[in-house]
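*Asks:* here you go, sequence then predicted model.
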Amino acid sequence: MTIVTRFAPSPTGRLHVGNIRTALHNWMLAKQAGGRFLLRIDDTDADRSREEFVDAIRSDLGWLGLASDGEERQSDRLAGYQAAFDTLREAGRVYPCYETQQELELKRKIRLGRGLPPIYDRGALELGDAERAAKEAEGITPHWRFKLDHGEAISWHDGIRGPQKFDPAQLSDPVIRRADGSWLYMLPSAVDDLAMGVTNVLRGEDHVSNTAVQIQMFGALIAAGDGAAQMPRFAHEALLVGKEGKLSKRLGSLGCDAFRERGFEPQAIVALLARLGTSLPVEPIADRGALLETFDLATFGRAPAKFDEAELERINAALVHQMDHAAVADRLPAGMDAAGWHAIRPNLALVGEAAEWWRLVTGPIERREFADEDRAYLAEAVRAFGQLEWRHDDIRAELWKTFTQVLKRETGRKGKQLFLPLRQALTGMDHGPDMGELLPLIGETRARERLEQAAQG
Ligand code: GLU
């Protein structure tokens, strides 16, 4: 059986870290098994759905390397929902309701006051034909509910949570269609999962009770169908929270667009989210194949997964330190070749910082003030520098070593006293890339000028 998963965002905003995680895990679940990962745009809410967000979702998934193997959108599938609705209605599984929002709210309060669960009391099922006709004559158009079968417990084996059991009598018959004919989430999603041949539904645990309801919808639709459709398997992952608790408050900074703008590597996001909340260690893994090999729902924990930006920064830096020049060349400042990248790379948290460090090579650098003693030392350095052999590449690698050894011998300086004034004179900074790698990149002329300038003060 080919595994088919789907990611089903509503295009009402940009993807954020929680959505990305769901998309990634669905992608992994499919790819690990050589299956298909589908994108479904859940745009039945016409007021809130926007085309720009559909485009952004596609582009964000592409950037993350999670391009889909197929795409559907719910606004194109309305005929299928109508057909399913008709089927369910014929089977006695949907019924019209006439309560207003205020009436429902009042009923809820009364039930809560009596210590009962605030579920729908099925009042509309008690109406006779004449009463329904009277409501409609008054101009009240019904909304529609799916009638749960109270016969047996709803149970499934959840891929993450294990055995699950719900008493349908403790659940509200869900509203599936509004009075204006528009659809709520519940039925279209089940209809599409069947039509798209989705074998595994993996989503957040906020959907667990929806699954209970949808299992009955799947059952009713499958029973009425031609026998080809199959009930998917379900898994619900623990929610993602921020360091201080719920994510939602700060979602702006945790949007895919913000991650992109801040210059994070998509692979850092993938490596982190692939394992966050699992029993596997979060590691800077650049190779997706390696992540896929260890991906296993059985490693997913039940406790909320904690997203910490500092962890993303750490993974990002570690990945950048592994990246080849070829992988980043088009994002580097002009002239920064493989040797340049190699020298600068260990200092970067983000690839985008390369330009800042590259300025230490190309200049201008910050001019430092030196004490008299250090100026004298730097004058000595100018002399020693003049004796360095710059011609051959194999010797260039040794330049810094030779240079500092000569100075050590001639001045008696060592450690920080020996190195720091040179670094400050040559780069304008107290710390930075390895000087052995940097000096040949700065080059003879520039390096001499910088030393002379520093010695003159
Ligand atoms: N559009 C739904 C959501 O965003 C999809 C849920 C599902 O995966 O079924 O929550």
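*Replies:* Nice, thanks for sending it over. Numbers count the residues shown, from 1 in each chain.
*Asks:* and the lowest-mean-pLDDT helix or strand in the chain, what's buried?
*Replies:* Every helix and strand in the chain was compared by mean pLDDT, DSSP states H and E; the lowest is helix 393-396, with a mean of 74. For helix 393-396, burial by neighbour count (16 or more other C-beta atoms under 10 Å) applies to residue 396. In short, each C-beta sits where N, CA and C put it, glycine included.
*Asks:* and the contacts of that helix?
*Replies:* Outside helix 393-396, the residues that touch it by C-beta atoms under 8 Å, 6 or more residues apart in numbering are 389-390, 440.
*Asks:* from those, list the buried ones, please.
*Replies:* Neighbour-count burial (16+ other C-beta under 10 Å) is assigned, among those, to residue 440.
*Asks:* okay, the contacts of helix 393-396 in JSON lines with secondary structure next?
*Replies:* JSON lines is the format used below for these (DSSP: H, G, I helix; E, B strand; the rest coil):
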{"residue": "389", "secondary structure": "coil"}
{"residue": "390", "secondary structure": "coil"}
{"residue": "440", "secondary structure": "helix"}
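*Asks:* if we can go back for a sec, can you give me the offset of the least confident helix or strand of the chain from its chain's centre?
*Replies:* Chain-centre distance of helix 393-396: 45 Å, with C-alpha atoms, centre = their mean, to the nearest Å.
*Asks:* follow-up on the earlier one: return the closest of the contacts of helix 393-396 with respect to residue 102.
*Replies:* Of all the contacts of helix 393-396, residue 102 sits closest to residue 440, with 78.6 Å by C-beta to C-beta.
*Asks:* from the contacts of helix 393-396, pick the one nearest residue 299.
*Replies:* For the contacts of helix 393-396, the nearest to residue 299 is residue 440 (47.0 Å; C-beta to C-beta).
*Asks:* any idea how far that closest one is from residue 392?
*Replies:* Distance, residue 440 to residue 392, using C-beta to C-beta, to the nearest Å: 11 Å.
*Asks:* part of a strand, is residue 323?
*Replies:* No - under three-state DSSP, residue 323 sits outside any strand and is assigned coil.
*Asks:* please, which helix or strand holds the residue lying farthest from the centre of the chain?
*Replies:* In the chain, the residue that sits farthest from the middle, by C-alpha atoms, centre = their mean, is residue 410; the gap is 56.7 Å. Here residue 410 sits within helix 399-411, counting by DSSP states H and E.
*Asks:* in this structure residue 203 contacts residue 23, no?
*Replies:* No - using C-beta atoms under 8 Å as the test, residue 203 is too far from residue 23 to be in contact (10.5 Å).
*Asks:* looking at the two, which is more packed in?
*Replies:* Neighbour totals were compared for residue 203 and residue 23, and residue 23 leads with 26 against 20 (other C-beta atoms under 10 Å).
*Asks:* once you drop chain neighbours, what's closest to that one?
*Replies:* Closest residue to residue 23 apart from its sequence neighbours, by C-beta to C-beta, 6 or more residues apart in numbering: residue 7 at 4.2 Å.
*Asks:* contacts for the helix or strand hosting residue 292, please.
*Replies:* Assigned by DSSP H and E, residue 292 belongs to helix 288-294. The contact list for helix 288-294 (C-beta under 8 Å, 6+ apart) reads 28, 31-32, 65, 267, 270-271, 274-275, 280, 285.
*Asks:* and of the residues you listed, the nearest to the ligand?
*Replies:* Nearest to the ligand among these: residue 28, at 15.6 Å, using C-beta to the nearest ligand atom.
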